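1. What follows is a protein structure lacking sequence information:
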């Protein structure tokens, strides 16, 4: 049985990725800093899903999860992330550091810990979740765009160093997804209409759009894809000219 660990899996995108993996036959470890949420998510998935409370930015927490999980995971999905909204001029250094610590350092910690085990086996896939903010930063998002752009670069770096040892490392950059941290934003009908209408496909994305991409990158069908950032956004990052008027 193949195995997968998903961080930030107490709900939203992480839970949906874990659910789809479980349905595809994976034994799945869900990791989240919120004990109650992650156990509830694991219970909803059922089957071979198990929940672990851990801080993704803590080396000792991640090592403990891997020891308890037992199997060397075939796939790691680094989904844990936070955002502190607000203009940069009003962003405290403390808030900025916290976002970088979870989004970037946490990604490094989990990937390094899992990769050490994967290398001994000679195979494995790591998928880091970035954002279209990593491609084109949006205002008012604090450290989030910079942290996700750094994860995209880290993904390439990991793929170069670990590729020769049998590992593949890729990233997924979600667009306007009506799930997870963005769900409260899209609870406003005006925002839903405005943003959904700006996407060339004329809809917001859903959690399954990201889960589908993750399962593809985890599969042998993506066996020759390494160091790639897959943008899953309905075409919005390429649509600047679509938004501009023409004569």
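-> Arrived safely, thanks for sending. The structure presented is a predicted model; accordingly, all values stated were derived computationally and were not measured.

2. When you work out contacts or count neighbours from here on, use the C-alpha atoms and nothing else.
-> Fine.

3. And the host helix or strand of residue 115, what does it pack against?
-> Applying DSSP states H and E as the criterion places residue 115 in helix 106-121. The contact analysis (3 or more Cα pairs under 8 Å, 6 or more residues apart in numbering; DSSP states H and E) places helix 106-121 against helix 59-69, strand 75-78, strand 124-129, helix 144-162, strand 167-174.

4. at 7 Å what do you get?
-> helix 59-69 (3 or more Cα pairs under 7 Å, 6 or more residues apart in numbering; DSSP states H and E).

5. mind listing what's buried in the helix it packs on?
-> 59, 61-63, 65-66, 69 (16 or more other Cα atoms under 10 Å).

6. sorry, back to before: buried ones in the helix holding residue 115, by neighbour count?
-> Those would be 106-111, 114-115, 117-119, for helix 106-121 by 16+ other Cα under 10 Å.

7. returning to that earlier point: as a markdown table, the buried residues of helix 59-69 with distance to residue 102 would be great.
-> Below are the buried residues of helix 59-69 laid out as a markdown table (distance: Cα to Cα, whole Å):
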| residue | distance to residue 102 |
| --- | --- |
| 59 | 12 |
| 61 | 13 |
| 62 | 13 |
| 63 | 16 |
| 65 | 17 |
| 66 | 18 |
| 69 | 22 |
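
8. ok, the residues you listed vs residue 163, which is closest?
-> residue 66 (21.6 Å; Cα to Cα).

9. From residue 138, how far off is the closest one?
-> 35 Å (Cα to Cα, to the nearest Å).

10. Good, wrapping up.
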